[in-house]
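Colleague: generate a structure from the sequence data that follows.
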Amino acid sequence: MKHIVTLVTLLFLAVGSAEARAPRIGETVATFTLQDLSGKKVDTARFKGKTTVLFFWNNLCGCTEQMIALKPFVAARQGRSLVFVAVNEGQGRAIAERVITANQLPYEALLDTDLEVGRNQFGIKVLPTIFIIDKLGVLREKLIGVVDTKKLESIIQRYL
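Modeller: Modelled structure (predicted):
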């Protein structure tokens, strides 16, 4: 009986420790590499030195409307002090590309088709989930669900 309890305890600990812990406010966010819409691998380490918004989305969550609403705000700041990264969760290139190009969204678009980054590195359970990372790579905000666009713009502006 003692061996069974020990085995069950070890199994429980192994399963629990296999689940990745999402970054917390004030922690440095680990970089990751995903493919963009053209198939090129993009390492997020290259965004260090700029405020980075990671917007995890798919076209089934109401996320598209928010990305469209943010377009003028992001376009005015993209490249200088802001990088806005639209990370498509669990959909193929065709769907993500259709949304991005049809709406002429000025975002760095990455594909997390197997949900490896979103689920395992960032602990995402709801879309959209938005992470705002400062110029030093530190997580400053985590927003879950659709946020009022003006409020989101104001939050992003704090870190520019």
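Colleague: show the pLDDT at the spatially closest residue to residue 127 that is not a sequence neighbour.
Modeller: What sits nearest to residue 127 in space, not counting adjacent residues and going by C-beta to C-beta, 6 or more residues apart in numbering, is residue 61, at 4.0 Å. All C-beta spots, glycine's among them, are computed from the backbone N, C-alpha and C. The model reports residue 61 with a pLDDT of 87.
Colleague: show residues contacting stretch 21-35.
Modeller: Stretch 21-35 has contacts (C-beta atoms under 8 Å, 6 or more residues apart in numbering) with 41-45, 87, 110-112, 117, 121-124, 131, 133, 136-142.
Colleague: now, of those residues, which are buried?
Modeller: 42, 44, 87, 110-112, 117, 121-122, 124, 131, 133, 137, 139-142 (16 or more other C-beta atoms under 10 Å).
Colleague: excluding chain neighbours, what is closest to residue 133?
Modeller: residue 52 (4.4 Å).
Colleague: number of residues surrounding the one you found?
Modeller: Under the neighbour criterion other C-beta atoms under 10 Å, residue 52 is assigned a count of 22.
Colleague: no further questions, thank you.
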